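kindly generate the corresponding structure for this input.
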Amino acid sequence: MRQVIIYPGEDGYFVAECPSLPGCISQGKTREEAIENIREAIVLYIEVLQQKGQPIPAEKYETLLEAV
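Residues are numbered from 1 along each chain as shown. Next up is the predicted model:
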């Protein structure tokens, strides 16, 4: 399980990032497409690390939504 941050990009697309996997970023025309794309990106990111025999970073982030 990985935490993902989703936000609107400057180009009108939604951007999705997985902070615990540096550089694992994707986007989509809709929020749902961005989520689908980041899921695929996470799977591929981890597969490449495994193929290279590199360690898979642990999920180390905690999120909090705070109303101010």
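
ranges for the strands of the protein?
5-8, 14-17, 25-28 (DSSP state E).

looking at those, which is buried most?
strand 14-17 (a mean of 20; mean count of other C-beta atoms under 10 Å). The way it works is simple: take the backbone N, C-alpha and C, and place the C-beta from them, glycine included.

that one pairs with which strands?
Its sheet considered, strand 14-17 pairs with strand 5-8 (antiparallel), strand 25-28 (antiparallel) by DSSP bridges.

how about it as PDB, C-alpha atoms only?
C-alpha atoms of strand 14-17 as PDB (Å, rounded to 0.1, in the frame of the first residue of the first chain):
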ATOM      1  CA  PHE A  14      -4.400  15.900 -12.600                       C
ATOM      2  CA  VAL A  15      -1.000  15.000 -11.300                       C
ATOM      3  CA  ALA A  16      -0.400  12.000  -9.000                       C
ATOM      4  CA  GLU A  17       2.800  11.400  -7.000                       C
END
